[in-house]
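# show me the folded form of this:
(one chain, ligands or ions: 1)
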Amino acid sequence: MSGICKVMNIVGARPNFMKIAPLMQVMQAEPSICPILVHTGQHYDHEMSELFFTHLGIPAPDIDLEVGSGSHAQQTAQIMQRFEPVLLKHKPDLVLVVGDVNSTIACALTASKLHIKVAHVEAGLRSFDRRMPEEINRLLTDAISDYLFITEESAIDNLSREGIPARKIHFVGNVMIDTLLKNTKKAESSDIIGRLGFMNQDYALLTLHRPANVDNRETLERIFSALRRIGVRIPIIFPVHPRTKKQIESFGLTCYLSRPPYDLTGSGGIYTTPPLGYLDFLKLMSNAEFVLTDSGGMQEEATVLGAPCITLRENTERPVTVSSGTNILVGTDEELIVAEGLKVLDGKGKQGSIPKLWDGLAAQRIVDIIVSLYVKTNELG
Ligand code: UD1
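Here you go, the predicted structure:
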């Protein structure tokens, strides 16, 4: 097939931006691909969206669906409704979705129903916990995708168990790690540590936003209670996700937290900041003694940075971060969280190695495969 392969790339929520950045960059340099960028608008705050386009050099979206927040059904349906006419107008050869957010399944499903080929980047991850909205999004997206690009070998077993033929599966590495490796040096010049007043001060870094952790008052209070005990030994920096902020306020749990300007002369604690841009956050993560999180991506990033990662979840869809990396799952039991935190502080944090193919070249591998499907095998288009 000659001509240009039109690839429509989808982003919606914060973790999508780090994944699409290297793909857009490689696609823009590839003469046989015309990349189009669609932002669903799932995340819309300056700190949750625009800042990432600026810091990561992502071109402005060609199309913005501006869906905003809503229940899962509302958000997914709105994206589908607004995305369908875009597909009918632009007629892409391929729709590429990343990760496991509502935008991922909504756009994959819309494209698939119009018989447009779908590529899923970060396919095959499974937590085996169907109460997680992301698990449903992952299962369904993989079931209807034509090309499944995977980050770790556990995905091969998961997908073949679900009947996905091996020819659809491509082990390419991790595009989020492409972005991490590309930006570690740049992030060094961020002045965030000084700006927060943490110069020459050890600290741990915390993020928390999973509905299972932050939508239940008792669970959230138990986590804060554990973190307050760790905070006595080492201050904890906590950039707060908007949904978490809303829940902390509605549950009346602000008493556990310190807001800026901080008083670091006291007995430590949990110090909040608004959500941070990519480079500031990467600087904080690179210099942290350890991280505490319920995010999927941070388990992977901490593994590559060699920072011990205490994951406040019972399961992970990214098992390689536990088998090879620095990750340990502690769930939300107060004593377990404290015990693990103190272990790290006593110098017994988990060491790890970098998983296979997490080498900064995943986006190039994906684009090479797309080109060969389009140009050489006529499979696309
Ligand atoms: C979404 C993803 C989750 C991902 C996370 C990263 C799904 C099902 N979940 O969760 O996998 O880890 O993004 O952040 O897609 N809000 C704002 N401003 C924004 C965006 C959200 O205030 O820019 C608030 C709104 O009150 C909204 C709530 O956060 O209702 C939740 O946003 P939503 O996109 O539904 O899910 P996240 O919790 O962000």
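
# write out the residues of the stretch 151-300 of the chain neighbouring the ligand.
By C-beta under 6 Å from any ligand atom, the residues of the stretch 151-300 of the chain that approach the ligand are 209, 241-243, 246. All C-beta spots, glycine's among them, are computed from the backbone N, C-alpha and C.

# so which of the residues you listed sit within helices?
Using DSSP state H, 242-243, 246 are the members of those that sit in helices.

# which residue comes closest to residue 51 once chain neighbours are left out?
Once flanking residues are discounted, residue 51 sits nearest to residue 277: 4.2 Å by C-beta to C-beta, 6 or more residues apart in numbering.

# what does that neighbour show for phi and psi?
Main-chain torsions, residue 277, degrees, to the nearest 10: phi -70, psi 170.

# ditto for residue 119
Torsion angles at residue 119 (phi, psi; degrees, to the nearest 10) stand at phi -110, psi 130.

# neighbours of it, how many?
Residues lying near residue 119 (other C-beta atoms under 10 Å) number 27.

# burial check on the residue nearest to residue 51, number of neighbours?
Residue 277 is flanked by 20 other residues according to other C-beta under 10 Å.

# again, but for residue 185
8.

# got it, and residue 103?
29.

# ok, it to the ligand distance?
7 Å (C-beta to the nearest ligand atom, to the nearest Å).

# buried set for the helix or strand harbouring residue 137?
Following DSSP states H and E, one finds residue 137 within helix 133-144. Within helix 133-144, the residues that count as buried by 16 or more other C-beta atoms under 10 Å are 133-135, 137-138, 140-142.

# got it, and stretch 15-23?
For stretch 15-23, a neighbour-count test (16+ other C-beta under 10 Å) marks 15-23 as buried.

# then the helix or strand following the helix holding residue 137 to CSV, C-alphas only?
Sequence-wise, the next helix or strand downstream of helix 133-144 (DSSP H and E) is strand 147-150. Taking C-alpha atoms only, strand 147-150 is exported to CSV below (Å, rounded to 0.1, in the frame of the first residue of the first chain):
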residue,chain,number,x,y,z
TYR,A,147,-3.1,-4.7,17.7
LEU,A,148,-2.0,-5.2,21.4
PHE,A,149,1.2,-3.6,22.4
ILE,A,150,2.4,-4.9,25.7
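
# so what are the sheet partners of strand 147-150 and their directions?
Strand 147-150 has the following sheet partners, assigned by DSSP bridges: strand 117-123 (parallel), strand 169-171 (parallel).

# who touches the last one?
Outside strand 169-171, the residues within contact range by C-beta atoms under 8 Å, 6 or more residues apart in numbering are 123-124, 147-150, 153, 155-156, 159-160, 357, 365-366, 369.

# any of those residues buried? List them.
For those, buried by 16+ other C-beta under 10 Å: 123-124, 147-150, 153, 155-156, 159, 357, 365-366.

# dump these into a markdown table; add distance to residue 3 and pLDDT as well.
Compiled in a markdown table, the buried ones among the contacts of strand 169-171 are given as follows (distance: C-beta to C-beta, whole Å; pLDDT from 0 to 100):
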| residue | distance to residue 3 | pLDDT |
| --- | --- | --- |
| 123 | 27 | 99 |
| 124 | 31 | 98 |
| 147 | 19 | 98 |
| 148 | 25 | 98 |
| 149 | 23 | 98 |
| 150 | 29 | 99 |
| 153 | 35 | 98 |
| 155 | 32 | 98 |
| 156 | 33 | 98 |
| 159 | 31 | 98 |
| 357 | 31 | 98 |
| 365 | 23 | 98 |
| 366 | 20 | 98 |
